[in-house]
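Enquirer: Coordinates for the following, if possible.
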Amino acid sequence: MTVSDNIKQFLKTEIPDNVKLIAVSKTKPVEMILEAYHSGHKIFGENKVQDLAAKYEDLPKDIEWHMIGHMQSNKVKYIAPFVSLIHGVDSFKLLKVIHKEGEKNNRKIDCLLQFHIAKEETKFGLDLTEAYEFLRSDQFKNLNNVNICGVMGMATFTENEDTIRSEFKELVHIFNELKETIFINSADFKEVSMGMSGDYKIAIEEGATMVRIGSLLFGARNY
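Expert: Have a look, this model is predicted:
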């Protein structure tokens, strides 16, 4: 099956209407992304800033680009003019840099707060206490060029479905708590980005509004 067949099939059979499919095009050539684009899909995710910036230059400008990888503060400037959503905001320092770059580009940049829900130390992310600390600060209230739209998390890489499910439940719990406290008046705070090719079904069952799918659409990665 072609990439465009895969995407159409996936949207038809795997993804409910209320869940957004982020087609993860990392390591894949422009031609493959164009094939997906011509099938009607326009939301793509990259995990490296340099690849994202290069593909933005080469591809149609109505593509909605999502930065899904670990984001370094010194690289925000390269994607600030065009990025649709930054999934991995895992520190207040990074959020302040995104605000500053948004200000320079005269735009409000949509972001998700990344929480550490996995048992693995290698994963990035905030914990709730840390998040509350900056979300309740005066400094945060002055960040007018960022728009927090929800949360993101990555489950442990494991065959144990109970572990994965409990981690996704934890992320939804964090989302609900923030929605009821800090973001009670924000209509934009509505996204839960969780689930990848190996665990997206569990993520959808547990309340994901966005899933990040790569290899099931584009085939195995070439590193």
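
Enquirer: Please give me every residue in contact with the most centrally placed residue in the chain.
Expert: Closest residue to the average C-alpha location of the chain: His87 at 3.3 Å, with CA atoms, centre = their mean. Listed by CB atoms under 8 Å, 6 or more residues apart in numbering, the contact set of His87 reads 45, 66-68, 111-112, 114, 152, 193, 212. To be clear about C-beta, it is placed using only N, CA and C from the backbone, and glycine gets the same treatment.

Enquirer: Tabulate the residues you listed (TSV), appending pLDDT, secondary structure and neighbour count.
Expert: Conversion of the contacts of His87 to TSV gives the following (pLDDT from 0 to 100; DSSP: H, G, I helix; E, B strand; the rest coil; neighbours: other CB atoms under 10 Å):
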residue	pLDDT	secondary structure	neighbour count
Gly45	97	strand	25
His66	98	strand	27
Met67	98	strand	24
Ile68	96	coil	28
Cys111	98	strand	26
Leu112	98	strand	24
Gln114	97	strand	27
Met152	98	strand	27
Ser193	98	strand	27
Arg212	97	strand	25
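
Enquirer: Shouldn't Gln50 be within a strand?
Expert: No: judged by DSSP: H, G, I helix; E, B strand; the rest coil, Gln50 forms no part of a strand; its state is helix.

Enquirer: Okay, and the closest residue to it other than its chain neighbours sits in which element?
Expert: In space, and not counting its chain neighbours, Gln50 is closest to Tyr78: 7.4 Å by CB to CB, 6 or more residues apart in numbering. Per DSSP states H and E: Tyr78 is located in helix 76-79.

Enquirer: That helix: how far from the chain's middle?
Expert: The chain centre lies 16 Å from the centre of helix 76-79; the measure is CA atoms, centre = their mean, to the nearest Å.

Enquirer: Tell me which residues are up against it.
Expert: Here helix 76-79 has contacts from 49-50, 52-53, 56, 65, 67, 86, 94, 97-98, 101, 104, using CB under 8 Å, 6+ apart.

Enquirer: Pull out the buried members of those.
Expert: 49, 52-53, 56, 65, 67, 86, 94, 97-98, 101 (16 or more other CB atoms under 10 Å).

Enquirer: now, which of the residues you listed lie within helices?
Expert: 49, 52-53, 56, 94, 97-98, 101 (DSSP state H).

Enquirer: just these now: which is nearest Phe124?
Expert: Relative to Phe124, the closest of these is Leu94; by CB to CB it sits at 10.2 Å.

Enquirer: roughly how far apart are the closest one and Ser166?
Expert: Distance of Leu94 to Ser166, computed by CB to CB, to the nearest Å: 27 Å.

Enquirer: from memory Met71 sits against Gly88, does it?
Expert: Yes: between Met71 and Gly88 there is a contact under CB atoms under 8 Å: 5.1 Å.

Enquirer: Can you classify Lys169 as helix, strand or coil?
Expert: On the basis of three-state DSSP, Lys169 is classed as helix.

Enquirer: and it, what does it touch?
Expert: So Lys169 contacts Glu206 (CB under 8 Å, 6+ apart).
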